[in-house]
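>>> Show me the folded form of this:
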Amino acid sequence: MEEENKDFCIEENSINIKDDSLHTLATMTAASFMKEVFPKFWNDAKDQVKDLSRKDLAEEMFHAGAINILYGYMKLMDTIAKKEEK
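From the prediction side, this is the model:
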């Protein structure tokens with residue numbers, strides 16, 4: 001249980017953030033992303049997805065989200081690895 005409450009360190013700012021704060025930060029970032037990016041995405045994609053069933057649409061959106069999350073995570077890990085090499 002004690003392991004779950006460890007502080008996380010954001011390297012660039014040396015700020016310790018608890019799990020609750022990380023969740024809050026993730027929620028705020030996602031909300032901002034939805035507000036700023038989704039309208040453009042929807043405008044570009046609505047004609048392509050209008051004939052999909054609800055299930056197929058949900059699968060497409062889940063897939064797109066998973067790709068973006070994994071890409072961001074891998075890019076972050078690559079950045080961290082490059083910093084550690086220096």
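
>>> ok, the residue sitting nearest the centre point of the chain to residue 76 distance?
The centroid of the chain falls nearest to residue 69 when counting by C-alpha atoms, centre = their mean (4.4 Å). For residue 69, the distance to residue 76 (C-beta to C-beta, to the nearest Å) stands at 11 Å. Where you see a C-beta, it was placed from the backbone N, CA and C, and this is true even at glycine.

>>> Ok, residue 70 next?
Residue 70 is 11 Å from residue 76, where distance means C-beta to C-beta.

>>> Any buried residues in stretch 75-86, and which?
Of the residues in stretch 75-86, none is buried by neighbour count under the rule 16 or more other C-beta atoms under 10 Å.

>>> should've said stretch 45-61
Counting neighbours by 16+ other C-beta under 10 Å, one finds that stretch 45-61 has no buried residues.

>>> quick one: average pLDDT of it?
On average, the pLDDT along stretch 45-61 is 90.

>>> With stretch 29-40 instead?
Averaged over stretch 29-40, pLDDT sits at 88.

>>> which element is residue 31 on?
Taking DSSP states H and E as the definition, residue 31 sits inside helix 19-36.

>>> Pull out the CA atoms of that helix and give them to me as CSV.
C-alpha atoms of helix 19-36 as CSV (Å, rounded to 0.1, in the frame of the first residue of the first chain):
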residue,chain,number,x,y,z
ASP,A,19,-1.4,10.3,-7.8
ASP,A,20,-4.5,12.5,-7.2
SER,A,21,-2.7,15.4,-8.8
LEU,A,22,-1.6,13.4,-11.8
HIS,A,23,-5.2,12.3,-12.3
THR,A,24,-6.4,15.9,-12.0
LEU,A,25,-3.7,17.0,-14.5
ALA,A,26,-4.6,14.2,-16.9
THR,A,27,-8.3,15.2,-16.6
MET,A,28,-7.6,18.9,-17.3
THR,A,29,-5.3,18.1,-20.2
ALA,A,30,-7.9,15.8,-21.7
ALA,A,31,-10.6,18.4,-21.3
SER,A,32,-8.4,21.0,-23.0
PHE,A,33,-7.6,18.6,-25.8
MET,A,34,-11.3,17.8,-26.3
LYS,A,35,-12.1,21.5,-26.4
GLU,A,36,-9.4,22.5,-28.8
